[in-house]
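S.K.: One predicted model, sequence on top.
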Amino acid sequence: MSFTVFDVAAALKAEVFGDGDIVITGAAEPASAGPDDLALAMDPKYAEGLALGAARAAILWDGADWQTLGLEAALVVPRPRFAMSGLTALMDPGPEIAPGIHASAVVDPSAEIGDGAAIGPFVVIGAGVRIGRGARIASHVSIAEGSVIGADALIHAGVRIGARVEIGDRFICQPGAVIGADGFSFVTPEKSRVEEARASLGAETAAVNASWTRIYSIGSVQIGDDVEIGANSTIDRGTIRATSIGDRTKLDNLVHLGHNVSVGEDTLLCGQVGIAGSTKIGDRVVLGGQVGVSDNIFVGDDVVAGGATKIMSKVPAGRVMLGYPAMKMEQYLEAGRNWRRLPRMMDDVRALKKAVLSDDKDD
């Protein structure tokens, strides 16, 4: 895999300085870059690293003097971090999956495989499945009956897709994800202890001697276009209606969506986020790592929740939330300052109490 500096500039819509015909075979941090690497020095703080490495070409910050830095060629981009998207897309060939259907794959005769699709070893595709054109499916993936996968999908090894799941175009799914497992829904013949606790807000209630009975999941999962699902994430099918994920939403590794959850468009769910059943998440929401969201609530558009935040009631659009329980960011930071003052405040309370008791004795 090799590119000229001009090739990279065309992909990034970047301005070229110096010799654009230099051939590069990879990208590297400045200090570790070799002569065939494109050094990523997009901030002045990386200038020293360029001197330690051997790169001939680099992506630089706007206004950098590339010749003084000892380079033969340079690229300048208006938004360096955004440029990383185009650069990595150019240099990532993806998994090697031979075109066509591997001899060890098991494909039901009723399945429809689109033109140019690549089906890897030991893939199992069930009855009535439709795979879009140009899709790439790596080894040991299973796709159950009636599911639909859009065009140009990339499904990595070991993914499990349940029955009747519908997925849009340009889907990317990392290894080990499970989409369309049954939801975690169980009920007792009489009101359970959990239901009693909710109704009484935690008051003591008598124990209920009853076994849990399964509520089956007869809904599905519906996923829009340009969605990405991280490794070992799990998305449960709906009980009646579908669990849904909107266009361009991205899930990190180890994210769990419960049954009937609805996630909007352009939303980011970071690692270990858990969203309980029947909750609705709006558009452009960002939930940091280990955020937990209670069931049957609504999180509005453009909400941001910092890592480990626990959301237990609805959140209006546009808020930035932190803490357990979740509160507005400014309130949480103020509360944090007060928590640190608590030991000193308790000392003051004890001193006041002692003084009051002493005054009472003197009277």
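M.R.: Arrived safely, thanks for sending.

S.K.: CA only for contacts and neighbour counts going forward, please
M.R.: Will do.

S.K.: ok, which stretches of the protein are helices?
M.R.: With DSSP state H, the ranges of helices along the chain come out as 5-12, 47-52, 80-91, 193-200, 329-362.

S.K.: okay, those, which one's buried deepest?
M.R.: Across the helices of the chain, the average number of neighbours (mean count of other Cα atoms under 10 Å) peaks for helix 5-12, which reaches a mean of 19.

S.K.: ok, Asp36 - contacts?
M.R.: Under the criterion of Cα atoms under 8 Å, 6 or more residues apart in numbering, the contact list for Asp36 reads 23-26, 55-56.

S.K.: how close does Arg284 sit to Ala231?
M.R.: From Arg284 over to Ala231 the distance is 22 Å, taken as Cα to Cα, to the nearest Å.

S.K.: Could you do Ala203 as well?
M.R.: In this view, Ala203 and Ala231 are 40 Å apart by Cα to Cα.

S.K.: If you count surrounding residues, which of the two has more?
M.R.: Neighbour count, other Cα atoms under 10 Å: between Ala203 and Ala231, Ala231 has more, with 22 against 9.

S.K.: gap between the more buried one and Ala55?
M.R.: Spatial separation of Ala231 from Ala55 under the definition Cα to Cα is 34 Å.

S.K.: tally of neighbours for the residue nearest to Val107 when sequence neighbours are not counted?
M.R.: Distance criterion Cα to Cα, 6 or more residues apart in numbering; nearest residue to Val107, sequence neighbours excluded, is Ile125 at 4.7 Å. Using other Cα under 10 Å, the number of residues around Ile125 comes to 27.

S.K.: Kindly report the same for Pro99.
M.R.: 15.

S.K.: Domain ranges for the chain, per the record?
M.R.: Domain assignment for the chain, taken from automatic domain parsing, gives 3-91, 328-362.

S.K.: Include distance to Val299 and mean pLDDT when you put the ones you listed into JSON lines, please.
M.R.: As requested, the domains of the chain are arranged in JSON lines below (distance: least, Cα to Cα, whole Å; pLDDT from 0 to 100):
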{"stretch": "domain 3-91", "distance to Val299": "28", "mean pLDDT": "93"}
{"stretch": "domain 328-362", "distance to Val299": "13", "mean pLDDT": "86"}
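
S.K.: Nearest to Leu268, out of those?
M.R.: Taking Cα to Cα, domain 3-91 is the member of those nearest to Leu268, at 16.1 Å.

S.K.: Quote the end-to-end distance of that closest one.
M.R.: 9 Å.

S.K.: now do stretch 304-322
M.R.: Start-to-end, stretch 304-322 (Cα to Cα) is 9 Å.

S.K.: Can you add distance to Asp266 and give the domains of the chain back as TSV?
M.R.: Formatted as TSV, those follow (distance: least, Cα to Cα, whole Å):
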stretch	distance to Asp266
domain 3-91	16
domain 328-362	22
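
S.K.: Next, work out how far apart the residue nearest to Val107 and Gly132 are.
M.R.: Between Ile125 and Gly132 the distance, using Cα to Cα, works out to 13 Å.
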